[in-house]
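**Q** I'll drop the sequence and a predicted model, then ask my questions.
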2 protein chains.
Amino acid sequence: MTTEPAAPSHASAKTVLVIEDEASLASTLSYNLRKNGFNVSSAADGVEGLQAARRDRPDVIVLDLMLPRMDGLEVCRRIRADSDVPILMLTAKAEELDKVVGLEMGADDYLTKPFSMRELLARVRALLRRAAARPAGDDASRISAGPIELDARGRTVTRGGAEIALKPKEFDLLFFLAKNAGQVFTREQLLEHVWGYDFFGGSRTVDVHIRWLREKLEEDPSKPRHLLTVRGIGYKFVR
Amino acid sequence: MTTEPAAPSHASAKTVLVIEDEASLASTLSYNLRKNGFNVSSAADGVEGLQAARRDRPDVIVLDLMLPRMDGLEVCRRIRADSDVPILMLTAKAEELDKVVGLEMGADDYLTKPFSMRELLARVRALLRRAAARPAGDDASRISAGPIELDARGRTVTRGGAEIALKPKEFDLLFFLAKNAGQVFTREQLLEHVWGYDFFGGSRTVDVHIRWLREKLEEDPSKPRHLLTVRGIGYKFVR
DNA sequence: CATCGCCGTTAACAGTCCGTTAACGCGGCA
DNA sequence: TGCCGCGTTAACGGACTGTTAACGGCGATG
């Protein structure tokens, strides 16, 4: 992970996070982006990329589909779990389009290799314009429900101002449910969205995490007011 | 709009609406889509395209950005006003991307000319897969009948704003009847649609559930106004 | 490199809720 | 009036969920 203090950084300069394992491409991207006035940070595999995304809060992310340690789709999905940052995906072959269905995973745009720097820059700029045009309060990084407040940026939860310590999975699950408040999800849906499409464990895991969340969030865990069971279906979060 | 009972839909040929003014491209698109098993309808300008979209209810729309009479963005926006049909936009130059911001307008994907038929087909298929994967009940998920309101996403029912607790089967049965309001169903039909084709129990089960629903929904359960008996046939829901 | 501690997962058990069925009563229709 | 269809109730058995605890892995830490 290279977090070189980026070149001449204007106050208005936007930061691009490049997640790309192929060294030559990564440096070409960084060079050209910097030359065009962007701050650039980079990561060489999926896990580092995810960490960098959460830490650096870039304005745009350029994300390769094929990555060591965690593939691009999974990275994309996890970033999307608590951020609306525009994501431009890079795919090696047109055939991978089928796999991408990337927009479904939450990517905002994609490019098929090989591509010109000119095109990449155009798309990065387009994504930034889009993001700028988006209403400011549209940021889904903060969610509140009664006395409970969620902050995706710091991954913190407070109830009545007091911070509540949640384990990573607990936070992910709670945040997903809160983001889609009012909607019921089956255990399988929750596993797919929160745990990941490649999770093959049993669905009772969800129950246990719900139990723990209730213990920490609900006034009376045996009579939950927010994390509700929908018998025969699954769970939902209500404000 | 057909009012048949919503039954499991079998796989059938999907319809693509092509809205493109350039005749040679339009016919190439139609030819290739048909060759690949799609039904194709087409329109040569924006106004016709919008009409066709509303009339034909296609499964996917391929929409050129530059069109006579009404441009693609406007068509896209108007289609989105009352439909979630996937839209694939075609742009003449990469630079138009700037203008497109197409996804923001509600398009689901786009292609820059020139493109290969192979790529177009891949993207059309990807859009169809996306649409198919989208949870059913994602639209038409809210039904109201007088003071009674149904929400499929949260599986909640309210009467006059107050939430009514229903058991899983009760909700399924009510939702099915409400979705097909005005139509009479025999007990066997209800068992097939609500319980499932593999249910082998007796039909009196339906009666009991109707009874329970009346108890919870009707002002005077002995004189139901919504859940009506059709003697000798079965039941129906009226608004 | 070893150890510790945290977290996620799983299994097991208990309790609750729900769906089904049977039985009886009532009312309409022939 | 007799039969058939429907309303109504209660009870049983099973499915689903709540709850707890133990296990194993993984990263942190020294």
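**A** Sure, I can see it.
**Q** from here on, contacts and neighbour counts on C-alpha atoms
**A** Noted.
**Q** Tabulate the CA atom coordinates of the longest helix along chain A in CSV.
**A** Counting residues, the longest helix found in chain A (DSSP state H) is helix A:117-133. The C-alpha trace of helix A:117-133 is given here as CSV (Å, rounded to 0.1, in the frame of the first residue of the first chain):
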residue,chain,number,x,y,z
MET,A,117,-6.1,7.1,-20.6
ARG,A,118,-8.2,9.7,-22.3
GLU,A,119,-11.3,7.6,-21.9
LEU,A,120,-10.5,6.7,-18.3
LEU,A,121,-10.0,10.3,-17.4
ALA,A,122,-13.3,11.2,-19.1
ARG,A,123,-15.1,8.7,-17.1
VAL,A,124,-13.5,9.6,-13.8
ARG,A,125,-14.5,13.2,-14.4
ALA,A,126,-18.0,12.2,-15.4
LEU,A,127,-18.3,10.2,-12.1
LEU,A,128,-17.1,13.2,-10.1
ARG,A,129,-19.6,15.5,-11.9
ARG,A,130,-22.4,13.1,-11.1
ALA,A,131,-21.4,12.9,-7.5
ALA,A,132,-21.2,16.7,-7.3
ALA,A,133,-24.7,17.0,-8.8
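**Q** tell me how far it is from the chain's mean position?
**A** Centre-to-centre, helix A:117-133 and its host chain are 19 Å apart (Cα atoms, centre = their mean, to the nearest Å).
**Q** Same question for stretch A:28-42.
**A** Chain-centre distance of stretch A:28-42: 22 Å, with Cα atoms, centre = their mean.
**Q** likewise stretch A:161-171?
**A** What separates the centre of stretch A:161-171 from the centre of its chain is 18 Å, taken as Cα atoms, centre = their mean.
**Q** Kindly report the same for stretch A:152-171.
**A** 17 Å.
**Q** Flag every buried residue along it.
**A** A:152, A:155, A:157, A:158, A:159, A:166, A:170, A:171 (16 or more other Cα atoms under 10 Å in any protein chain shown).
**Q** Inside helices: which ones of the residues you listed?
**A** A:170, A:171.
**Q** near DNA strand C too, which of the buried residues of stretch A:152-171?
**A** Checking those against DNA strand C by Cα under 7 Å from any atom of the strand, the ones in range are residue A:170.
**Q** just to revisit the earlier point, and the longest helix of chain A, what does it pack onto?
**A** helix A:23-35, strand A:60-64, helix B:96-100 (3 or more Cα pairs under 8 Å, 6 or more residues apart in numbering or on different chains; DSSP states H and E).
**Q** Make TSV out of these and add mean neighbour count, mean pLDDT and distance to DNA strand D.
**A** Formatted as TSV, those follow (neighbours: other Cα atoms under 10 Å in any protein chain shown; pLDDT from 0 to 100; distance: least, Cα to the nearest atom of the strand, whole Å):
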stretch	mean neighbour count	mean pLDDT	distance to DNA strand D
helix A:23-35	15	94	23
strand A:60-64	26	94	22
helix B:96-100	16	52	41
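**Q** DNA strand C: which of the ones you listed is closest?
**A** The closest of the helices and strands packed on helix A:117-133 to DNA strand C is strand A:60-64. By Cα to the nearest atom of the strand, the value is 24.8 Å.
**Q** and the angle for that closest one with helix A:23-35?
**A** Comparing the axes of strand A:60-64 and helix A:23-35 via axes from the mean of the first three to the mean of the last three Cα atoms, to 10 degrees yields an angle of 160 degrees.
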